[in-house]
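Enquirer: model the structure of this input:
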Amino acid sequence: MRALITGGTGSIGSRLSAALVERGDDVIALDVRPDPVAPSAAFGRVDVRSGEVQNAAFVHALVAETRPDAIFHLAAILSGRSETDSELAWRVNVDGVRNVLEAARAHGVARVLFPSSVASYGLNAGDAPGDASPQWPVGLYGVTKVLGERLGVYYHQRFGLDVRSLRLAAMVAPTAPASGAASAYVCELYAHAVQRGRYTFQVYPHSRIPLVWVGDVVDAFLRLHDAPAAQLRQRVYSIMGCSPSVQEMAEALQRRLPHAQLDFDPDPIQANVVDSWPSRIDDASARADWAWDPEHDLERMTDAVLAELQAGRAAV
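Expert: Got it, this is the predicted structure:
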C-alpha cells in the first residue's frame with residue numbers, strides 16, 4: 001500500500017508512519033514541521049513533505065503526484081489553540097478535511113481515515129455516549145470535529161468514498177500536543193514529572209475523561225483501515241482505553257515517582273471545557289465490527305509513558 005499521512009510527523013502520525021513502513025507500506029508524511037515527534041529507524045524511510053492542508057491547490061497537487069491508496073488525515077489544531085486562534089482552527093480543521101476529501105475523490109484514493117474526538121459530544125452527552133449519541137460540543141474544536149464527521153459521511157453517501165473515522169478519547173503520549181489541547185494534562189503530567197520533578201494541574205482533581213494510549217490509537221487506525229468494508233456498519237467509531245479521574249492519574253504516577261510534586265490550580269476555562277466532556281465512551285461497535293481491543297489500562301499506560309520518557313524518547 002502507498003499511504004499519505006497528513007500531520008505525519010506528529011505524535012500519532014510519526015508512530016503510524018513507522019508502523020506502516022515496518023509492515024512494508026510506502027509512506028508520504030505531510031506536515032508543517034520536518035522532525036518526527038517519535039523518531040525511529042523506520043521513520044527514516046518515510047518520504048517527508050512540507051505543506052499545509054488548508055491550501056487546497058497544494059493538497060490536490062500532492063495527491064495527484066503521489067497517488068496514495070489511502071490517506072490518514074491527522075493534521076489538526078487542537079482544543080486549546082482552537083479557542084485562541086479560531087480562524088486558523090477553522091481553516092485547518094474544516095477546510096483541511098474538505099480539501100483532503102475532495103482530492104481523494106478527484107484522484108481515486110481508495111480510502112480516507114481521520115480522527116474525531118470525545119470533545120465532539122459536549123454537554124448533556126450522558127455517562128457513556130456511543131457512536132449515535134447526540135453531539136453538542138461547547139468548544140470550537142469539538143464543533144469542527146462534528147463537521148468533519150458529517151463531511152466524511154456525506155462524501156461516502158454522495159460519492160461512494162470509503163471514509164472511516166475514529167472518535168478518540170483523550171490521548172496519552174510522552175509529548176503533549178504542540179497546538180494546545182484542553183486535555184494536554186494527560187500528557188504533560190508525565191513529561192513534567194520526569195523532566196522537571198513537578199506538575200500543576202489546571203483541571204479539577206475529580207475531573208474524569210476517557211483516555212487512550214497513543215500506541216493503541218495507532219493499532220486502532222491500522223485495524224480500522226484493514227477491516228473489510230462488509231464488516232463496517234457505520235463510518236464513525238468511538239474508542240477509549242480507560243477512564244481514571246485526574247486524582248487517580250496523579251496517584252498512579254506518584255506510586256512510581258514518589259518525589260514528584262503535583263499541585264492543583266484549576267483554570268476555569270480549561271477545566272470547564274474538560275468537564276463538559278463525558279467520563280466514558282461506549283466503544284462496543286468498534287469491538288464488534290473490527291476487533292478493537294486496547295492493551296493499556298491506567299497502570300500499563302503509566303508504565304508505558306514513563307518508560308519512553310525515561311529512555312529519552314520524548315521531550316516537553
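
Enquirer: tell me the mean pLDDT for the helix or strand containing residue 14?
Expert: If you go by DSSP states H and E, residue 14 is part of helix 11-22. Mean per-residue pLDDT for helix 11-22: 96.

Enquirer: mind listing what's buried along it?
Expert: 11, 12, 13, 14, 15, 16, 17, 18, 19, 20, 21 (16 or more other CB atoms under 10 Å). (C-beta placed from N, C-alpha, C; glycine too.)

Enquirer: with distance to residue 194 added, can I get those residues in TSV?
Expert: Listed next are these as TSV, based on distance: CB to CB, whole Å:
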residue	distance to residue 194
11	17
12	21
13	23
14	20
15	19
16	24
17	25
18	23
19	25
20	29
21	28
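
Enquirer: and these, which is closest to residue 291?
Expert: Using CB to CB, residue 19 is the member of these that sits closest to residue 291, with 16.8 Å.

Enquirer: my guess is the closest one contacts residue 218. True?
Expert: Yes. Counting by CB atoms under 8 Å, residue 218 is a contact partner of residue 19 at 5.5 Å.

Enquirer: against residue 226, how distant is residue 31?
Expert: 24 Å (CB to CB, to the nearest Å).

Enquirer: which one's more surrounded, these two?
Expert: residue 31 (25 against 11; other CB atoms under 10 Å).

Enquirer: what about the nearest residue to that one once chain neighbours are set aside, neighbour count?
Expert: Distances taken as CB to CB, 6 or more residues apart in numbering put residue 9 closest to residue 31, at 4.1 Å, once the chain neighbours are dropped. The local packing of residue 9 (other CB under 10 Å) involves 24 other residues.

Enquirer: and residue 9, what element?
Expert: Here residue 9 is assigned to no helix or strand, by DSSP H and E.

Enquirer: need the contact partners of stretch 54-64.
Expert: Here stretch 54-64 makes contact (CB atoms under 8 Å, 6 or more residues apart in numbering) with 4, 28, 30, 49, 51-53, 71, 91-92, 95-96, 99-100, 102-104, 106-107, 109.

Enquirer: go on, stretch 137-157?
Expert: Counting by CB under 8 Å, 6+ apart, 77-79, 82-83, 86, 89-90, 93-94, 97-98, 101, 104-105, 112, 114, 116-117, 119-123, 135, 161-165, 167, 181-182, 235-236, 273, 276 sit against stretch 137-157.

Enquirer: among the residues you listed, name the buried ones.
Expert: 77-79, 82-83, 89-90, 93-94, 97-98, 101, 104-105, 112, 114, 116-117, 119-122, 135, 161-165, 167, 181-182, 235-236, 273, 276.

Enquirer: now intersect these with the strands, please.
Expert: 112, 114, 116, 117, 162, 163, 164, 165, 167, 236 (DSSP state E).

Enquirer: do you know how far the third one is from residue 260?
Expert: According to CB to CB, residue 116 and residue 260 sit 33 Å apart.

Enquirer: equivalent analysis for residue 83, please.
Expert: Applying CB to CB to residue 83 and residue 260 gives a distance of 29 Å.

Enquirer: swap in residue 37?
Expert: Taking CB to CB, one finds residue 37 at 23 Å from residue 260.

Enquirer: in terms of neighbours, single out the busier of the two.
Expert: Taking other CB under 10 Å, residue 37 and residue 260 do not tie; residue 37 has more neighbours (23 against 18).

Enquirer: I'd guessed residue 135 sits against residue 122; true?
Expert: Yes. Between residue 135 and residue 122 there is a contact under CB under 8 Å: 6.5 Å.

Enquirer: about what we covered before: contacts for the helix or strand following the helix holding residue 14?
Expert: Sequence order places strand 26-31 as the next helix or strand after helix 11-22, per DSSP H and E. If you take CB under 8 Å, 6+ apart as the criterion, strand 26-31 is touched by 1-10, 13-14, 17, 20-21, 36, 45-51, 53, 62, 66, 68, 75.

Enquirer: state the mean pLDDT of strand 26-31.
Expert: Here the average pLDDT along strand 26-31 is 98.

Enquirer: restricting to C-alpha, output that strand in PDB.
Expert: Extracted C-alpha coordinates of strand 26-31, given in PDB (Å, rounded to 0.1, in the frame of the first residue of the first chain):
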ATOM      1  CA  ASP A  26       5.300   3.200   1.300                       C
ATOM      2  CA  VAL A  27       4.500   6.300   3.300                       C
ATOM      3  CA  ILE A  28       4.500  10.000   2.500                       C
ATOM      4  CA  ALA A  29       4.200  12.200   5.600                       C
ATOM      5  CA  LEU A  30       2.900  15.700   5.200                       C
ATOM      6  CA  ASP A  31       3.400  18.200   8.000                       C
END
